[in-house]
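Asker: how would this look folded up:
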Amino acid sequence: MDLAAVERSFGELLAALGDIVVARSRGVPADPAGGSTAALARRYRARRRRFEGDLAELIDAGRSADDARALANMRGALGWLESLEPTPGLERSGAGPAAEDPAVERARAALYRRFGAAAGAIRVGGETLDRLTVLSRLATERDHAARRSLFEALAPLWRVVDGDGDEASPYRRLLRSSAARWAADGSPIEANARSLGMPPGSLEPTLRAILAAWRAVLGPGRVEPWDYWHAVGGASRRLEPLLPVDRLLERNHAYLTALGADPGRLGIAYDVYPRPGRPPIPVAFTIGMGGWAADQPQAGPWTPRPPWVFATYETGGLGNLVELLHESGHALHAAAVRTRPAFLDWTLEDSAFLEATADVLGWDATEPTWQRRWLGAAADPREAVLDRYGAVMLDICWALFEIELHRDPDRRPNEAWTDITSQGLGVEPHPEWSWWAIRGQLVDLPGYMANYALSAIVAAAVRARIGEVRGAWWEGDPGWFDFMAAGLFAAGASRPPSVLLEAFLGEPLTADPLLADLRRGT
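Answerer: Model (predicted):
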């Protein structure tokens with residue numbers, strides 16, 4: 001079997017995956033007669049089986065370093081694809097990452113579905129809200145009692161995940177499985193940190209140092225958990241009237257165009273508002289769509305099909321705009337890839353790098369200069385720092401939470417979460433509540449939450465470097481997209497993130513730029 005043919009098969013597999021994910025996310029109904037999503041699912045599974053068969057026939061010996069990396073990347077991507085669209089009955093070639101026991105995989109998928117359903121049906125008084133809307137309101141609601149009511153309305157969501165927090169907890173049963181895999185195969189969190197060029201064993205102390213710096217910004221006081229989002233949400237409250245929900249896409253598109261990345265020209269599609277017949281999207285995401293072959297040998301560069309961005313925005317506000325720009329960052333990255341088909345997608349170990357390149361754009365909306373130009377008003381500098389890093393610090397807490405529990409899976413999760421958040425965020429301890437269980441990634445992808453913490457370290461470093469090379473870009477910079485494409489995007493997965501980052505930054509990655517940025521808030 002020729003490697004170029006296998007790569008073409010991989011590109012076609014990615015395209016088939018994109019088609020079925022988009023159809024399902026848009027609410028296209030399955031047709032029992034064989035059309036619509038049913039046909040798309042069959043096409044994807046047929047291509048998956050064909051690709052696995054083609055891959056199994058390849059011989060690794062004697063290949064160049066680039067070809068060996070291409071094979072490793074395609075094999076590593078299989079687990080990511082399987083998590084999005086399982087292929088029942090597939091006998092794996094042994095090329096991809098080790099899978100969980102099928103019964104555990106089914107239990108994990110079922111729990112995530114229940115989480116998604118609960119996240120879209122949170123009752124607050126006479127309203128039914130989604131998780132993101134509740135969290136957004138915690139930042140903007142001015143009444144303390146109302147904030148507590150909003151927070152406690154999340155309880156059915158965390159009970160889906162953790163039950164009563166005892167040994168019967170659905171999460172704790174899944175934790176034992178993932179902890180056993182981490183003990184046998186290594187921590188995916190450590191693998192992601194190494195992929196960015198961080199020294200082995202350096203991540204956990206780095207995260208704790210960042211939390212210590214954050215406490216210096218916040219001061220020694222304590223807040224109840226339902227007040228944390230409000231304490232860091234001054235910018236959101238100040239700017240909320242300027243960002244009604246129907247202006248989110250308008251602001252997003254106008255800004256991307258000012259960066260030389262007009263979504264219309266790039267073909268990026270958005271489906272971010274609820275409508276009848278479309279399922280709720282519990283976690284916003286962007287999906288690449290594979291690519292078309294260029295007029296070159298099949299192992300040469302492909303042109304990516306335009307990506308799709310999905311979310312469910314019931315309300316506007318700064319937080320949702322930041323998230324939308326973050327997803328647009330993913331879309332720009334996907335749209336800029338120019339590489340051979342083996343590198344059109346990434347492995348899970350590259351996730352922190354991908355989240356970081358998206359944060360580089362998403363954080364722009366937290367800059368007072370950006371806000372003044374694009375919204376007509378701005379937060380003060382301290383509010384801006386609290387707004388940018390308030391959610392990041394929660395992500396760091398979740399990263400430490402998973403590190404600690406996978407090291408000691410018999411520890412009660414509520415106890416670990418209480419210790420981390422009381423010390424790192426100054427949150428009053430409530431070990432009786434499983435309020436850590438409001439992130440679906442904890443169920444669906446153990447270890448993934450650390451990518452958001454890692455991505456903040458990378459995003460701060462990349463943004464500092466862009467400022468050094470090009471100056472501030474927040475009011476518009478038509479060359480920004482081409483600059484980012486050449487430096488970080490176009491290579492796809494063909495070069496390790498550590499190599500791309502060191503070349504772009506001019507030095508190895510550290511948390512120093514993030515810590516310097518935090519000091520603006522003191």
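Asker: for the closest residue to residue 337 other than its chain neighbours, give me the pLDDT.
Answerer: Among residues not flanking residue 337 along the chain, residue 492 sits closest, at 4.1 Å (CB to CB, 6 or more residues apart in numbering). C-beta: built from backbone N, CA, C; applies to glycine. Reading off the confidence values, residue 492 has pLDDT 94.
Asker: what about residue 492, distance to residue 350?
Answerer: When CB to CB, to the nearest Å is applied, the distance between residue 492 and residue 350 equals 10 Å.
Asker: who's more crowded, the two?
Answerer: residue 492 (26 against 23; other CB atoms under 10 Å).
Asker: contact partners for the more buried one?
Answerer: Taking CB atoms under 8 Å, 6 or more residues apart in numbering as the definition of contact, the neighbours of residue 492 are 337-339, 343-346.
Asker: now, which of those residues lie within strands?
Answerer: Cross-referencing the contacts of residue 492 against strands under DSSP state E gives no overlap.
Asker: between those, which is nearest residue 58?
Answerer: Taking CB to CB as the measure, residue 58 sits nearest to residue 343 out of the contacts of residue 492, at 16.3 Å.
Asker: that closest one and residue 496 touch, don't they?
Answerer: No - contact criterion CB atoms under 8 Å: residue 343 and residue 496 do not qualify, at 11.2 Å.
Asker: so for the two, which residue has more residues nearby?
Answerer: Between residue 343 and residue 496, counting by other CB under 10 Å, residue 343 is the more crowded of the two (24 against 18).
Asker: and the gap between the more buried one and residue 74?
Answerer: 9 Å.
Asker: related to what we said a few turns ago, which helix or which strand is home to the residue nearest to residue 337?
Answerer: Element membership of residue 492 [criterion: DSSP states H and E] is none; it lies in no helix or strand.
Asker: again, but for the one 10 residues further on
Answerer: The secondary structure element spanning residue 502 is helix 497-505 (assigned by DSSP H and E).
Asker: in the helix or strand just after that helix, what's buried?
Answerer: Once the chain leaves helix 497-505, the next helix or strand it forms, by DSSP H and E, is helix 512-518. Burial within helix 512-518, assessed by neighbour count using 16 or more other CB atoms under 10 Å, is assigned to 513-515, 517-518.
Asker: tell me the one of these nearest residue 137?
Answerer: Set against residue 137, the nearest of the buried residues of helix 512-518 by CB to CB is residue 518 (26.2 Å).
Asker: OK, contacts around the closest one?
Answerer: Residue 518 makes contact with 210, 213-214, 217, 385, 389, according to CB under 8 Å, 6+ apart.
Asker: so for it, what's the pLDDT?
Answerer: In this model, residue 518 carries a pLDDT of 94.
Asker: low pLDDT regions in this protein?
Answerer: Where the chain drops to pLDDT under 70, the residues are 1, 30-35, 60-62, 83, 86-99, 292-302.
Asker: so which residue is dead centre in it?
Answerer: Computing the C-alpha centroid of the chain and ranking residues by CA atoms, centre = their mean puts residue 355 first, at 5.4 Å.
Asker: please enumerate the helices of the stretch 51-200 of the chain.
Answerer: With helices called from DSSP state H, counting those that start in this stretch, the stretch 51-200 of the chain shows them at 65-84, 102-119, 131-140, 144-152, 155-162, 170-185, 188-195.
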